[in-house]
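J.: Everything below, folded, please.
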Amino acid sequence: MSSTGKGILADRHALVTGASSGIGLAVARGLAEAGAAVAVNYHSDGEAACQLVSEIRAGGGQAIALEGDVSREDEVRRLFEEARGAFGRLDLLVANAGIQKDAGIAEMTLAEWQAVLEVNLTGQFLCCREAIRLFREQKDQPRPARALGSIVCMSSVHEVIPWAGHANYAASKGGSKLLTQSLAQEVAPERIRVNAVAPGAIRTPINRESWETPEALQRLLRLIPYGRIGEPEDVARAVTWLCSDEADYVTGTTLFVDGGMTLYPGFAGNG
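T.: Residues are numbered from 1 along each chain as shown. As a prediction, the model looks like this:
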């Protein structure tokens, strides 16, 4: 995991939010394997974040663990200041942090609604805003990439697929889609790229009940034309590509990593 030699992200410096578990952890690891120095953000699981940092360093890479709540403006500002202080600059942001608080609409509390929107959508806004401000401050410095900076927002297939019983989550991801597109449109003339990755069913702790038993897995697989559940590494590879110069002409798009879930497989054979 060298950040000083080979790799499509060599000499880049990245911040990954919500990187202590699941998809975020795999993304941080993947960026490091591609050569980037990585700031591993966590909110509550500092032990897991530090373990990942130790793993990256043991492989010859650069990494630091940074605590911070992305829904709090002051903590987001501090998070970016600490990342820049550690690395000297920042080239990549992966706004991954997200939560679920599921309930039917009649039972959903205002607190449950607000908590999900604050982390999943407001958190992305705050992180994207700070990243763009920082990229602009660095515009006259030599840079390791063709773009001035690159942002990847973690979305979901539920930016387009309705999800009964999860209105807060689906609303946050629908908002993330247009946040990504609007920011991309605004900052593209500055050579700042903004994209999203939308995972489908991925084998992570947050959705363990959907895949940990054979019965649950079979029900899930009926929604996935490709016939397997996704792994966090599937998402990490997509993010790594979007962050690289190989995707330099890509901005304002959502890359779905879902095994075909957004093909609405229930309609196969005319429904």
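J.: Would you map the helices across the stretch 151-271 of the chain?
T.: 167-187, 214-221, 232-243 (DSSP state H, counting those that start in this stretch).
J.: no, scratch that, I was asking about the stretch 1-150 of the chain
T.: According to DSSP H, counting those that start in this stretch, the helices that the stretch 1-150 of the chain contains are 22-33, 46-58, 73-87, 110-117, 123-137.
J.: out of the ones you listed, nearest to residue 9?
T.: helix 22-33 (6.0 Å; Cβ to Cβ). Any C-beta I mention is one placed from the backbone N, CA and C, and that applies to glycine too.
J.: Just the mean pLDDT for the closest one, thanks.
T.: The average pLDDT within helix 22-33 is 98.
J.: That one: how far from the chain's middle?
T.: 10 Å (Cα atoms, centre = their mean, to the nearest Å).
J.: can you list contacts of that helix?
T.: Identification of contacts with helix 22-33 by Cβ atoms under 8 Å, 6 or more residues apart in numbering yields 1, 3, 7, 9, 12, 14, 16-19, 38, 40, 48, 52, 55-56, 59, 61-63, 92, 94, 96-97, 154, 199, 202, 204-206, 231-233, 235-237, 239-240, 243.
J.: Make TSV out of the helices of the stretch 1-150 of the chain and add mean neighbour count and distance to residue 175.
T.: Output for the helices of the stretch 1-150 of the chain, formatted as TSV (neighbours: other Cβ atoms under 10 Å; distance: least, Cβ to Cβ, whole Å):
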stretch	mean neighbour count	distance to residue 175
helix 22-33	27	19
helix 46-58	17	27
helix 73-87	17	17
helix 110-117	15	8
helix 123-137	20	9
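J.: Ok, which of the ones you listed comes nearest residue 166?
T.: helix 110-117 (8.9 Å).
J.: Report the distance from that closest one to the chain centre.
T.: 20 Å.
J.: Likewise for stretch 180-190?
T.: 18 Å.
J.: what sits against the nearest residue to residue 166 once chain neighbours are set aside?
T.: Leaving aside its chain neighbours, residue 166 sits nearest to residue 102 (5.4 Å; criterion: Cβ to Cβ, 6 or more residues apart in numbering). Residues near residue 102 by Cβ under 8 Å, 6+ apart: 165-166, 169.
J.: how much space between residue 80 and residue 30?
T.: 21 Å (Cβ to Cβ, to the nearest Å).
J.: Then residue 269?
T.: For residue 269, the distance to residue 30 - Cβ to Cβ - is 37 Å.
J.: ditto for residue 82
T.: Taking Cβ to Cβ, one finds residue 82 at 22 Å from residue 30.
J.: Now do stretch 257-271: everything it contacts.
T.: With Cβ under 8 Å, 6+ apart, stretch 257-271 has contacts from 157, 160-161, 197-201, 222-230, 234-235, 238, 256.
J.: same question but for stretch 171-178, I mixed them up
T.: Against stretch 171-178 from outside (Cβ under 8 Å, 6+ apart): 98, 116-117, 120-121, 124, 153-156, 158-160, 196, 198, 254.
J.: starting at the chain centroid, how far to it?
T.: 13 Å.
J.: got any ranges where the protein has weak pLDDT?
T.: Counting by pLDDT under 70, the chain contains low-confidence ranges at 1-5, 271.
J.: center of the chain, which residue is that?
T.: When Cα atoms, centre = their mean is applied to the chain, the residue found nearest the centroid is residue 96 (2.9 Å).
J.: Please tell me how far it sits from residue 108.
T.: 24 Å.
J.: how far away is residue 237 from residue 64?
T.: From residue 237 to residue 64 the distance is 23 Å (Cβ to Cβ).
J.: more neighbours, these two?
T.: Using other Cβ atoms under 10 Å, the more surrounded residue of residue 237 and residue 64 is residue 64, with 20 against 17.
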